[in-house]
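# build me a structure from this.
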Amino acid sequence: MELKDILTLLVAAYAALLSTYVAVVQRQDKAPRVKVRTSYGFLTAGPQISDTHILMEAANIGEKPVTLSSVGLLLPDGSQFINSSNNSTHRLPCELTHGKNLTMWFDVKPLAVQLKQRGYSSVIKLSGRFSD
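Residues are numbered from 1 along each chain as shown. A predicted model of the protein is given here:
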């Protein structure tokens, strides 16, 4: 194999890898992408601070609009605790366009009571879940 054949092969391989990378990135940009963040926090109303809440934020980080219809907490056994109250910055269903977000909150005390009724009596891991 001559040097020009090797260089041609290397350039062709580089072009194939680059075009594959660009195709993957473009496909990700067109797919719906929502980032969910769960944290503890407090609600404020003037100088008043609420009891502890679990705060869940869904942010649309993709280019395509996403409509969220429900929110819940995933329990360790795979079941889901659905928030039936409307404790959020927007009413569900809610369309999130690129860069928009929605925050939902659960009051910790009633949640702890309901989890205890379901048989959870120690520290457990909860994950936030939004669905469309």
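# pLDDT of the longest helix along the chain, averaged?
Using DSSP state H to define each element, the chain has its longest helix at helix 3-30. Here helix 3-30 scores 85 as its mean pLDDT.
# what packs against the helix or strand that comes right after that helix?
Toward the C-terminus, helix 3-30 is succeeded by strand 34-41 as the next helix or strand (DSSP states H and E). Strand 34-41 sits against strand 53-60, strand 127-131, with contacts defined as 3 or more C-beta pairs under 8 Å, 6 or more residues apart in numbering; DSSP states H and E. Yep, even glycine has a C-beta here, placed from its N, CA and C like the rest.
# for the helix or strand of the chain with the lowest mean pLDDT, which strands pair with it and how are they oriented?
Among the helical and strand segments of the chain, the one scoring lowest on mean pLDDT, DSSP states H and E is strand 80-82, with a mean of 80. Applying DSSP bridges, strand 80-82 is found paired with strand 70-74 (antiparallel).
# what angle separates the partner strand from strand 34-41?
Computed by axes from the mean of the first three to the mean of the last three C-alpha atoms, to 10 degrees, the angle separating strand 70-74 from strand 34-41 equals 60 degrees.
# quick one on the thing from earlier: so how far is the longest helix of the chain off the chain centroid?
Counting by C-alpha atoms, centre = their mean, to the nearest Å, helix 3-30 is centred 32 Å from the centre of its parent chain.
# about what we covered before: Thr8 is nearest to which of the helices and strands packed on strand 34-41?
Checking the helices and strands packed on strand 34-41 against Thr8 by C-beta to C-beta gives strand 53-60 as the closest, at 43.8 Å.
# what lines up beside that closest one in the sheet?
Each strand paired with strand 53-60, and its direction, by DSSP bridges: strand 34-41 (antiparallel), strand 101-107 (antiparallel).
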